[in-house]
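J.: Dropping a prediction and its sequence here:
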Amino acid sequence: MRTIATLAATAALMATTAIAQDGNYADLDRTGWPDSFTVGTASQGGTFFVYGSGWANLVGEELGISGGGEVTGGPMQNMALVHTGDAAFGMTTMGPARESLEGTNPIAPGLQMTQACAMFPMYQTPFSMAALTGSNITSVESIPAGARIGFGPAGSTSDTYFPAMLEALGVDFERRNGSWDDLGGQLQDGLLDAVAFAVGIPTPAISQAEVQTDINFIDFSDEEQAQVIEEFPVSEFTIPADTYSTLEEDMQSVAMWNFAIANCDLPEDFVYAATDIVMSDNARMVNIHGSAAETVPENWNKNTVLQWHPGAARWFQENAGAEIPEDMIYSAQ
């Protein structure tokens, strides 16, 4: 594949270093670049849509080409869209990414979506629970058999993984789905005993519910956290006490990393430049969405699932000292 070239036909490393330092993308060799691109996000109003549309517009503006976010069904569909090339870029979480590589993505069962490559780390999505105080649910262990638990929209990351986690911990429950606003309202009305959510924090529906009714936040015990981490593609996470007004102390949880993805056949220099734009100025990304505070170079190692796009891998090798094994970098050969 081509490397990024600037005016001088000298070493590629010198050229790309200059780009990283002065943000000059006008003189790149754009052979094979798309005239426009889309970023697969999720439903409007969610973190994925705000974050993805923001960086799509930023990259498009800096590179002088048309770019925008596309409303999708979320991480699973984004893997499919990027794999097929219907979207140049997308956003996914490590769980759906692993399922897609293994051919168990429900959108196309049996299809191994190996043409979606890692681009850059985004942020973590924590898994957390809240219950009505009147339900007497104060821990996972205290959830009674048949408890009515809302898990968010059907097919979402929360709905895919949280029920499986609770089943692994021996919880018997009645599963409910719906939008977070709807489920938050049901919790307030006593139609649900608890909600189990894997979304950005603070979650507006929960913030609203805690103002209007008495709720308990439920965390994982040390043993429960360890079991979930062993069985699912998640890592340790602490939800700070100041996340919610009625949360009295830090809450022990788990989280799943979100990553930006790129079609593996996109030109290397195009993906290198797009990665540079996002990763070289974190303040701009935080202005798009506060969760981008975790969109920093040192988090490159949170990807343990996807092969890297060569352009993205080179950026992290040159700018973050990333030691990425060769077998984790995509090659068309």
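T.: That came through, no problem. Numbers count the residues shown, from 1 in each chain.

J.: From here on, just use CA atoms for contacts and neighbour counts.
T.: Noted.

J.: In terms of helix, strand or coil, where does Gly190 fall?
T.: Per DSSP: H, G, I helix; E, B strand; the rest coil, the secondary structure class of Gly190 is coil.

J.: give the contact list for it.
T.: Neighbouring residues of Gly190 by Cα atoms under 8 Å, 6 or more residues apart in numbering: Leu132.

J.: what packs against the helix or strand Ala273 falls within?
T.: In this assignment (DSSP states H and E), Ala273 forms part of helix 268-279. Counting contacts by 3 or more Cα pairs under 8 Å, 6 or more residues apart in numbering; DSSP states H and E, helix 268-279 packs against helix 47-63, strand 116-132, helix 310-319.

J.: Would you format these as CSV with distance to Ala260, mean neighbour count and mean pLDDT included?
T.: As requested, those are exported to CSV (distance: least, Cα to Cα, whole Å; neighbours: other Cα atoms under 10 Å; pLDDT from 0 to 100):
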stretch, distance to Ala260, mean neighbour count, mean pLDDT
helix 47-63, 9, 20, 94
strand 116-132, 5, 26, 94
helix 310-319, 10, 23, 98
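
J.: Let me have those in JSON lines, extended by distance to Asp214.
T.: Output for these, formatted as JSON lines (distance: least, Cα to Cα, whole Å):
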{"stretch": "helix 47-63", "distance to Asp214": "26"}
{"stretch": "strand 116-132", "distance to Asp214": "6"}
{"stretch": "helix 310-319", "distance to Asp214": "46"}
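
J.: Tell me how many other residues crowd Ser253.
T.: 23 (other Cα atoms under 10 Å).

J.: What of the one 3 residues further on?
T.: The number of residues packed near Met256 is 24, by other Cα under 10 Å.

J.: Over to Val271?
T.: Val271, neighbours per other Cα under 10 Å, totals 27.

J.: can you map out the helices along the stretch 51-200 of the chain?
T.: In the stretch 51-200 of the chain, the helices defined using DSSP state H, counting those that start in this stretch lie at 75-84, 94-102, 157-168, 180-188.

J.: The third one vs helix 75-84, what angle?
T.: With axes from the mean of the first three to the mean of the last three Cα atoms, to 10 degrees defining the directions, helix 157-168 sits at 120 degrees from helix 75-84.

J.: Could you check how far the nearest residue to Gln208 once chain neighbours are set aside is from Arg175?
T.: Spatial nearest neighbour of Gln208, excluding adjacent residues (Cα to Cα, 6 or more residues apart in numbering): Gly184 at 7.9 Å. Computed with Cα to Cα, to the nearest Å, the distance linking Gly184 and Arg175 is 15 Å.

J.: For those two, indicate the residue with more neighbours.
T.: Gly184 (26 against 16).

J.: In contact with the more buried one: list those residues for me.
T.: By Cα under 8 Å, 6+ apart, the neighbours of Gly184 are Val195, Ala205, Ile206, Gln208, Ala209.

J.: Just the ones of those residues in strands?
T.: Using DSSP state E, Val195 are the members of the contacts of Gly184 that sit in strands.

J.: Select, from the contacts of Gly184, the two members most distant in space.
T.: Val195 and Gln208 (13.4 Å; Cα to Cα).

J.: And the contacts of stretch 202-211?
T.: So stretch 202-211 is contacted by Ala130, Trp180, Asp181, Gly184, Gly185, Leu187, Gln188, Ile215, Thr243, Tyr244, Ser245, Thr246 (Cα under 8 Å, 6+ apart).

J.: rerun at 10 Å
T.: With contact meaning Cα atoms under 10 Å, 6 or more residues apart in numbering, stretch 202-211 is reached by 46, 129-132, 179-189, 195, 197, 201, 212, 215-217, 239, 242-247.

J.: Please pick the buried ones from those residues.
T.: Using 16 or more other Cα atoms under 10 Å as the burial test, the contacts of stretch 202-211 include 129-132, 180-181, 183-188, 195, 197, 201, 215-217, 239, 243-244, 247 as buried.

J.: okay, now Glu223: neighbour count?
T.: Going by other Cα under 10 Å, the residues that sit close to Glu223 add up to 9.
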